[in-house]
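**Q** pasting a predicted model and its sequence here:
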Amino acid sequence: MNLLQARPLTKEVFAPFGQVIELDGARQFDINGGTTRRFHDLAAIDALADGGRPIVNLFRAQPRSLPLRLSLMERHPLGSQAFIPLTTRPYVVVVAPDAGGRPGPLQAFITQGWQGVNYGRNVWHHPLLALGEISDFVVVDRGGEGRNLEESPLAGEVEVRW
């Protein structure tokens, strides 16, 4: 079994795979007569390929058992996919660069709980990895015609540690 060490999620280390959705560094301003603070344009949503449209979903993720073992990665060739947690519970993010149509070397990150991620189009990632309890996420991705999911089994099982 291969071991994968998760590290803290930051904008800089995640940039090759998409964006970290967080408030630090965001453009912000007051709206609604000063009663609301707007944190503006937090992720580059890419959903219009081949006539697609952005859709908003709620995903309710079951907590994963420990030790955390991975055997499959997925990607979305027609659009990005953003996950915004509705809790402050940390979760694990696993991504990989493309290596000839299959996942390359895996990288794992542990979130600070309130951080979201936006996977860029065609970025290999593991399905949701909630920890500890059922966790809800708002998910913004692509709706429309066309096959927007590719899955790839990993060559061997991988265990994530942090």
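**A** Looks like it arrived, so ask away. Numbering: from 1, shown residues only.

**Q** next, count neighbours for residue 74.
**A** Residue 74 is flanked by 16 other residues according to other C-beta atoms under 10 Å. (C-beta placed from N, C-alpha, C; glycine too.)

**Q** helix or strand: which one has it?
**A** strand 68-75 (DSSP states H and E).

**Q** how about residues contacting that strand?
**A** 1, 4, 92, 94, 96, 98, 103, 106, 119, 122-127, 129, 149-154, 157-161 (C-beta atoms under 8 Å, 6 or more residues apart in numbering).

**Q** of the residues you listed, buried ones?
**A** Buried members of the contacts of strand 68-75, scored by 16 or more other C-beta atoms under 10 Å, are 4, 92, 94, 96, 103, 106, 119, 123-126, 129, 154, 158, 160.

**Q** list the contacts for the most centrally placed residue in the chain?
**A** When C-alpha atoms, centre = their mean is applied to the chain, the residue found nearest the centroid is residue 117 (4.2 Å). Residue 117 makes contact with 9, 14, 17, 18, 19, 20, 21, 82, 83, 93, 111, according to C-beta under 8 Å, 6+ apart.

**Q** of those residues, which is the nearest to residue 133?
**A** residue 111 (14.7 Å; C-beta to C-beta).

**Q** could you list which of the contacts of residue 117 belong to strands?
**A** Using DSSP state E, the members of those that fall in strands are 18, 19, 20, 21, 82, 83, 93.

**Q** next one: phi and psi at the residue nearest to the third one when sequence neighbours are not counted?
**A** Nearest non-adjacent residue to residue 20, counting by C-beta to C-beta, 6 or more residues apart in numbering: residue 11, 4.7 Å away. When quoted as degrees, to the nearest 10, the phi and psi of residue 11 stand at phi -60, psi -40.

**Q** roughly how far does residue 11 sit from residue 17?
**A** Distance, residue 11 to residue 17, using C-beta to C-beta, to the nearest Å: 11 Å.

**Q** so those two - more neighbours on which side?
**A** Higher neighbour count among residue 11 and residue 17: residue 17, with 20 against 13, using other C-beta under 10 Å.

**Q** pretty sure that one contacts residue 121?
**A** No: the criterion here is C-beta atoms under 8 Å, and residue 17 misses it with residue 121 at 10.8 Å.
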